[in-house]
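Q: pasting the structure only:
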């Protein structure tokens, strides 16, 4: 399954706000349209928004072909794409890779070169996720076959296969997966809507639970291991991910359950020292107080909608990347992973 | 604010499944109608369902007045009311109190005597909650003015004033309350719908947060104390309450934040040794996978809907009752509270 399709000059996204009940593809031919789609969460998931932004910038280059201010306008467009969502670092990393093309290519060849680079980013993501899946299945398979996960980290959050959900897919392919508990993941319900959709499609046995049920599920012995994705990982292993991840990590430690993060090395942000330096996006309260456009709270009720939280590296058993599994102390192991990636 | 009105032969309930957007009162004149309303959660909250059941049984006695099998039928009706929901012990306790009238009263006077007993139960609940509020404000006020609560434990969960929300009301009356964080409390959203409604009516400043945000809120230093209600408290302090309570208690301990339970002594079940002996109601998965009658997960997706969880006494800083605040070891302090109540 893929939620992103591309061709020179355009990118199509499966509108994830409408899944699983409506399958609506939307076509975009400019950077600003893609930036809006990222902001509105039609595409979400750190690797997926990186790839979508890359195709958005490539489409923008084709749209502006022949413009005398092509490069300035592309730099401006990249800036607007970059600011569409602040927390995931993959978005910035993908754009940096795209912009590196500008210094190497003449104006006439730019649209083709940027498109080729976007395709390369997308292809690399799929290969990366397969390797994350294999490393993750090796390490998590030792703990048992009952896995709890949060949010959506599958084909819909990446270009294909997934990060944490890629690990679950790999366990399933090896025949060692028994059952998945999926946090519904309020307020956007990425677990109930998207992860359940992907698991059902794969024939993987699962139960959706409300987010607050995770503690009880662990206390009952239902969970052998937790695996989640990441939007940005600081040098010391502190990990920004979907709101609720931190709560799961505290619960896992209390119950002696291993807690893993699965993410490509592009999610590592070694320039960021600790989680305190990661910007946490706060979104509109309406996204908490309304559902299907209908209010679920009294009109005018105040709410906070933090989109992410930060889990300290100290609560993370291992960080599964395409270059292997980093273990504490992360200050050393993550630098080594980044080195392997660069090598 | 009251969500229960009564008169001889009838009880009216404010349908809590429709709040805060629709104010629908429904009138009941038989025990089975009230049992169905409890099962369907038109009335919820441990003390409120106890009082509703009492008025249901009183109405049944009036409906059956003159019936030759009056007593047998009332015993049967009490049994059906008792089984409407399994976890909260207040329901069983209120019915036991009602049935004690049967042994003391002749057939002709039974309807009046049962109604008088139901009124006494309702009146006692209000007085009890005021005392819980005062004791709770004394003890929680020491920790600070930023309080996190879960589910609804206010006027809508009791006859009036509330248990944990009664403590919050008392803090507000004393001028020491600063801010309340209200877990939305999936799947029924009692926090977002009902607690927010009561807080807005009182002019108490609050923010709704998704359940999974609680950990982040504590890590950010937003929370000075947690106070929740209870559906049943075992002899050793293990407390059954709305699903998610256990998660909050683990989080509170991890962050060194005091965690209090507020409940009348009628919620104590000293005949139950530990939380393992408390039956945990599992409700229909549809209540998780659907909202406003619309699916929020793929059609046919499997879900678990545990309505309650059990928090070990070891995680509870204090249990606030109308007779004082019990502290660990609960095996001693709760027995003493029950004794004070009986005295």
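A: Noted; the coordinates are in hand. Note that this is a predicted model, so its numbers are computed, not measured.

Q: Do you know the pLDDT at residue A:234?
A: As predicted, residue A:234 sits at a pLDDT of 98.

Q: Distance of it relative to residue A:243?
A: For residue A:234, the distance to residue A:243 equals 17 Å [Cβ to Cβ, to the nearest Å]. All C-beta spots, glycine's among them, are computed from the backbone N, C-alpha and C.

Q: Next: residue A:7.
A: The gap separating residue A:7 from residue A:243 is 35 Å, by Cβ to Cβ.

Q: rewinding a little: higher neighbour count, residue A:234 and residue A:243?
A: residue A:243 (29 against 26; other Cβ atoms under 10 Å in any protein chain shown).

Q: residues touching the more buried one, list them.
A: Shown in contact with residue A:243 (Cβ atoms under 8 Å, 6 or more residues apart in numbering or on different chains): A:306-309, B:210, B:212-213, B:216.

Q: any chance of these in a markdown table, with distance to residue B:58, secondary structure and pLDDT too?
A: Formatted as a markdown table, the contacts of residue A:243 follow (distance: Cβ to Cβ, whole Å; DSSP: H, G, I helix; E, B strand; the rest coil; pLDDT from 0 to 100):
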| residue | distance to residue B:58 | secondary structure | pLDDT |
| --- | --- | --- | --- |
| A:306 | 48 | strand | 97 |
| A:307 | 51 | coil | 96 |
| A:308 | 53 | strand | 97 |
| A:309 | 50 | strand | 98 |
| B:210 | 41 | coil | 98 |
| B:212 | 42 | helix | 98 |
| B:213 | 43 | helix | 98 |
| B:216 | 47 | helix | 97 |
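
Q: out of those, who's nearest residue B:180?
A: For the contacts of residue A:243, the residue nearest residue B:180 by Cβ to Cβ is residue B:213; the value is 13.9 Å.

Q: and the closest one, what is it in contact with?
A: By Cβ under 8 Å, 6+ apart, the contact set of residue B:213 is A:243-244, A:304, A:306, A:309.

Q: from those residues, which two are the most distant?
A: The widest separation within the contacts of residue B:213, taken as Cβ to Cβ, falls between A:244 and A:304 and amounts to 13.6 Å.

Q: between these two, who's got more neighbours?
A: Between residue A:244 and residue A:304, residue A:244 has the larger neighbour count (other Cβ under 10 Å), namely 29 against 18.

Q: Quick check: the more buried one vs chain B, distance?
A: The span separating residue A:244 from chain B equals 3 Å under the rule Cβ to the nearest Cβ, to the nearest Å.

Q: what's the nearest residue to that residue if we skip its chain neighbours?
A: residue B:212 (2.8 Å; Cβ to Cβ, 6 or more residues apart in numbering or on different chains).

Q: For whichever residue of the stretch 1-150 of chain A sits closest to chain B, which three-state class applies?
A: Of all residues in the stretch 1-150 of chain A, residue A:20 sits closest to chain B, at 4.4 Å by Cβ to the nearest Cβ. Assigned with DSSP: H, G, I helix; E, B strand; the rest coil, residue A:20 falls in the coil class.

Q: My guess is it contacts residue B:296. True?
A: No - counting by Cβ atoms under 8 Å, residue A:20 stays clear of residue B:296, with 9.1 Å between them.

Q: hey, what's in contact with both of these two?
A: Common neighbours of residue A:20 and residue B:296 (Cβ under 8 Å, 6+ apart) are residue A:193.

Q: C-terminal to the host helix or strand of residue A:250, what's the next element?
A: Element membership of residue A:250 [criterion: DSSP states H and E] is helix A:245-255. Going down the chain from helix A:245-255, the next helix or strand is strand A:259-262, by DSSP H and E.

Q: what does that following strand contact?
A: A:132, A:136, A:139-140, A:153, A:163-164, A:166-167, A:225-230, A:233, A:239, A:241, A:248-249, A:252-253, A:311, A:315-321.

Q: run the last query once more with 6 Å
A: For strand A:259-262, the external contacting residues (Cβ atoms under 6 Å, 6 or more residues apart in numbering or on different chains) are A:132, A:136, A:163-164, A:167, A:226-228, A:230, A:239, A:249, A:252, A:316-320.

Q: Quickly run through the sheet partners of that strand, with directions.
A: Using DSSP bridges, the strands paired with strand A:259-262 are strand A:225-228 (parallel), strand A:318-321 (parallel).

Q: Provide the secondary structure category for the closest residue to residue A:167 other than its chain neighbours.
A: Distances taken as Cβ to Cβ, 6+ apart place residue A:136 nearest to residue A:167, at 3.2 Å, with adjacent residues excluded. Secondary structure, three-state DSSP: residue A:136 is helix.

Q: these two touch, right, residue A:136 and residue A:321?
A: No - with contact defined as Cβ atoms under 6 Å, residue A:136 does not count as touching residue A:321 (9.5 Å).

Q: of those two, who's got more company?
A: Each of residue A:136 and residue A:321 has its neighbours counted (other Cβ under 10 Å); residue A:321 has more, 30 against 27.

Q: what's the distance between that one and chain B?
A: In terms of Cβ to the nearest Cβ, residue A:321 sits 25 Å off from chain B.

Q: ok, now which ones touch that residue?
A: By Cβ under 6 Å, 6+ apart, the contact set of residue A:321 is A:265, A:337.
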